[in-house]
Each structure stands twice: as structure tokens, then as C-alpha cells.
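Novice: build me a model from this:
(one chain, ligands or ions: 1)
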Amino acid sequence: MNIERIGILTGGGDAPGLNAVIRAVVLTAANRFGWEVIGLQRGFDGLLHDAEPIPLSCHNVRDLLARGGTILGAVNRGNPLIREVTLPDGSTALEDVSDEVLRRIDEFGLDALIAAGGDGTMAIAHALVQKGAKIVGVPKTIDNDLAQTDVTFGFDTAIVTATEALDKLQTTAESHHRVMVMEVMGRNSGWIALLTGVSGGADAILIPEIPFDIGVVCAHINALREAGRRYSLIVVAEGAAPIGGTQEYYIQARGLMDARLGGVGYTVGNLIADCIGVDVRVTVLGHVQRGGQPTPRDRWLATRFGAAAVQMVANGEWGKMAALHGTEMVSVPMQEAIQLKMVDPDGSMVQMARNLGIVFG
Ligand code: F6P
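Specialist: You can find the predicted model right below:
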């Protein structure tokens, strides 16, 4: 197949390293293959609305490597397979507008498309490939919860940010003899909490994969205090829930937008304060974990993913996603990557943390 022009879009929530992917795609496409690249704005929405595609050249991506966010914009509720449309009588209905997306791909003269995103973006891309679109994927998410790749870009930056925050909480916790609870992101997986908790020296880590018993956490804090440790650090994943309990949401589902997890950190803080009567403070780290410059490791990974995606286009590997297996870049079926990758409660990482004395509730 003769390729002259490809498109790139960034779907779902942003993650540090997206701009580095865009840069790597443009540089590799131009230097290695002599292709033209255009950027579609705001994910798949860029193929449905009037948002003008952005011509990308080696010149205008030069400064993108260290820049957080995405110059193309991102939306995490645009799905052309189930889109809310307004009917002539003013009411709304859900429609599959994927044929329009395919038409626009043709209209823009795109021989192929690279979609950088998480499970939602890969699910949309996979469905479009079934209808004939030529798309390859790049795995993005700070949550690191995409199956079939050892790691996603954005994750390292999130851990660095969260660990730095925990380090700062440690010094003030120590001064005031307090228990500090820090809630981190991660949706339904505990990767950010686990790596941050271990790297920042937490005493307890609560993750969605291991429902917690607050009594176990309190007993551990008490034992530490009796042994002379006057402060404690607790890392709670936003998706964590007590045994027999449910996850907490701070934004409820609205229309096509899913509910957003959050708030369990405050519940855990209050329960600890009630059961051991010590001073507890709660920090919800929120979107700072997604913002800012990507770490060098994420720049490196994002660059490798972007370059691999261009090679996959050259190979005609439609419906595949670039993935890291060990130290090697490989391509895997998007459909398999959509399965969520969870922390194994009985795996060696959790066991190592337990052996360090960290409790999981
Ligand atoms: O998937 C990335 C993520 O940051 C999750 O960790 C978090 O639950 C969610 O996105 C937040 O979404 P939003 O940016 O829409 O609030």
C-alpha cells in the first residue's frame, strides 16, 4: 500500500508524554518514510466537528519533547459509536456516527491513522478497524492498566509526582506526629498507589484489588506508635473499597460521562482518626498527577511508542497497538489490550511490600 499522508489523534484523558509521541511520529514519518502528518484535534471528535486538522512538520514539533498535555487536545467522553445527537424536535438520542468518521478520514486524504489513548480509545479504534479503517494504537495512561504492555507512558511521571508529594508529607507528618493519608489516581487499578507507596515508604497501601479492613490499618499504626514511630503514611488508591463495601465517587455519572472515583481518602482518614484518636490529615493529589513535564523515562518510552507506531503503519498492522514487552517494542491486537491489567494481590510485588512490613488492610 502506498502511504503519503497519515493522521494522529490523542484520545481519552491526557497523560505526560503525548506530545513526545506526536513529535516521534512526525519526525519518523518524515525522515524515515517521507510521509506527511496531520494532527486531528480533540480525539475522534476531530473527525466529526469543524475543528481544522493541524499540519505537523519537523519544524513545528521540535519543542514538544518535554511539554506536558497534548497540543492536539483530548476529550474523554467522545465516542463516535454512541454519540448524543440533537433531533429536529430538540430532544436527544444516541447514534452510531462511525460511518461519518470513516468518510472524514477519506475526505482528509488519510492513508492511515495513529491513535494514542487508553482502553476507551483502543476500543473505538478497534471497532473502526472492523469497519475498514486503517488504525494503529499507542498505549497511554497514567494508570498503567492496559493489558498486553508492560507499561504505558505517563505512568512514570505520575509516580514521580506522587512520590515527591509523599516525601513532602513525610516531613510534616514527622514534625506533628500525624497520620497522613494521601489519595492517588488509578481508576480501578492500584498501580500508582503500589509503586508510590513502596517508593515513598508508606506504612499502608490500600488498592482496589485488595478490599481493606480498616481495623488492620489501625492496629498497624498503633503498633508502630508503640514501637516509637510517631507518624504514619497511608497511600489510598481512589478505587479502593472496604471489604464488603463499595467504591466512592465524587462526580456522579451524567449523560454519557461516567462517574469519577474519589473521596475514599477522606473516609479512610476519618475512620483512622475515630479508631485511634490521633491527628489525621488527608491529601487528595488529583490531577497534578497528570500534569507537567514528562519524566525522561516517559519521554524515552513515548518516543519509542511513536516511532514503533509509524513502523506498524508501514507494515500495515491495522488493529494493532505498540507495546513494551521487557525491553522490546512489539505489536499486539488492540482488542486484547482493552482488558484491564490489575495488580495481582498474590503476586511478587505485593508480597515484597508485605515483607517490608507494609499492610494492605
Ligand atoms: O485514567 C486517567 C485518570 O486520571 C484516572 O486515574 C482518573 O480516575 C480519571 O482519569 C479522571 O478523569 P477526569 O480527568 O475526567 O477527571
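
Novice: does N222 touch I272 like I think?
Specialist: No. Judged on C-beta atoms under 8 Å, N222 makes no contact with I272 at a distance of 10.2 Å. Bear in mind the C-beta positions are built from the backbone N, C-alpha and C, glycine included.

Novice: the two: who's more crowded?
Specialist: I272 (22 against 14; other C-beta atoms under 10 Å).

Novice: which non-adjacent residue is nearest that one?
Specialist: Excluding its sequence neighbours, the residue lying closest to I272 (C-beta to C-beta, 6 or more residues apart in numbering) is V280, at 5.2 Å.

Novice: show me the contacts for that neighbour.
Specialist: For V280, the contacting residues are 178-181, 269-270, 272-273, by C-beta atoms under 8 Å, 6 or more residues apart in numbering.

Novice: which parts of the stretch 201-350 of the chain are helices?
Specialist: For the stretch 201-350 of the chain, the helices defined by DSSP state H, counting those that start in this stretch cover 214-226, 264-276, 296-315, 334-337, 348-355.

Novice: hey, what's the residue nearest to I272 bridged with?
Specialist: Beta-bridge pairing of V280 under DSSP bridges involves V179.

Novice: and what of the one 4 residues further on?
Specialist: Beta-bridge pairing of V284, defined through DSSP bridges, involves E183.

Novice: how many other residues sit next to it?
Specialist: V284 has 17 nearby residues by other C-beta under 10 Å.

Novice: and the contacts of V280 near the ligand, which?
Specialist: With C-beta under 6 Å from any ligand atom as the criterion, the contacts of V280 include none near the ligand.

Novice: so which of those residues comes closest to N144?
Specialist: For the contacts of V280, the minimum distance to N144 (C-beta to C-beta) is 22.1 Å, reached by V181.

Novice: the closest one falls within a strand, correct?
Specialist: Yes. Counting by DSSP: H, G, I helix; E, B strand; the rest coil, V181 is part of a strand.

Novice: any idea how far the ligand is from the residue nearest to L340 when sequence neighbours are not counted?
Specialist: Counting by C-beta to C-beta, 6+ apart, L340 lies nearest to D145, which is 5.0 Å off, once chain neighbours are set aside. Applying C-beta to the nearest ligand atom, to the nearest Å, the value for D145 to the ligand is 8 Å.

Novice: dump the residue contacts of D145.
Specialist: Here D145 is in contact with 118-119, 152, 186-189, 191, 340-342 (C-beta under 8 Å, 6+ apart).

Novice: let's see 10 Å
Specialist: Contacts for D145 (C-beta atoms under 10 Å, 6 or more residues apart in numbering) come out as 118-119, 152, 155, 186-192, 239, 339-343.

Novice: spell out which parts of the stretch 51-200 of the chain neighbour the ligand.
Specialist: Proximity of the stretch 51-200 of the chain to the ligand (C-beta under 6 Å from any ligand atom) is limited to residues 76, 141-143, 185-187.

Novice: switch the cut-off to 5 Å
Specialist: Residues of the stretch 51-200 of the chain lying close to the ligand (C-beta under 5 Å from any ligand atom) are 143, 185, 187.

Novice: can you tell me the closest non-neighbouring residue to the residue of the stretch 151-300 of the chain found nearest the ligand?
Specialist: At 3.2 Å from the ligand, M185 is the closest residue in the stretch 151-300 of the chain, using C-beta to the nearest ligand atom. The spatial neighbour of M185 that comes closest, neighbours along the chain excluded (C-beta to C-beta, 6+ apart), is Q289 at 5.2 Å.

Novice: quick one on the thing from earlier: which of the residues of the stretch 51-200 of the chain next to the ligand has the largest number of neighbours?
Specialist: D143 (29 neighbours).

Novice: next up, phi/psi of that residue, please.
Specialist: In terms of degrees, to the nearest 10, the main-chain angles of D143 are phi -80, psi -20.

Novice: doesn't F155 make contact with it?
Specialist: Yes. Applying C-beta atoms under 10 Å, one finds D143 in contact with F155, separated by 7.3 Å.

Novice: any common contacting residues for the two?
Specialist: 15, 186, 191-192, 289.

Novice: can you put those residues in CSV and add pLDDT, secondary structure and neighbour count?
Specialist: Putting the shared contacts of D143 and F155 into CSV (pLDDT from 0 to 100; DSSP: H, G, I helix; E, B strand; the rest coil; neighbours: other C-beta atoms under 10 Å) gives the following:
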residue, pLDDT, secondary structure, neighbour count
A15, 97, coil, 32
G186, 98, coil, 30
W191, 98, helix, 28
I192, 98, helix, 28
Q289, 98, helix, 25
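
Novice: of these, closest to M312?
Specialist: Among those, A15 lies closest to M312 (C-beta to C-beta), at 20.0 Å.

Novice: contacts only, for that closest one.
Specialist: Shown in contact with A15 (C-beta under 10 Å, 6+ apart): 21, 68-70, 74, 116-118, 139-143, 152-155, 157-158, 289-291, 294, 298, 302.

Novice: and those, which of them are buried?
Specialist: 21, 68-70, 74, 116-118, 139-143, 152-155, 157-158, 289-290, 294, 298, 302 (16 or more other C-beta atoms under 10 Å).

Novice: who's in contact with A353?
Specialist: Applying C-beta under 10 Å, 6+ apart, one finds that A353 lies in contact with 194-195, 197-198, 202, 205, 359-360.
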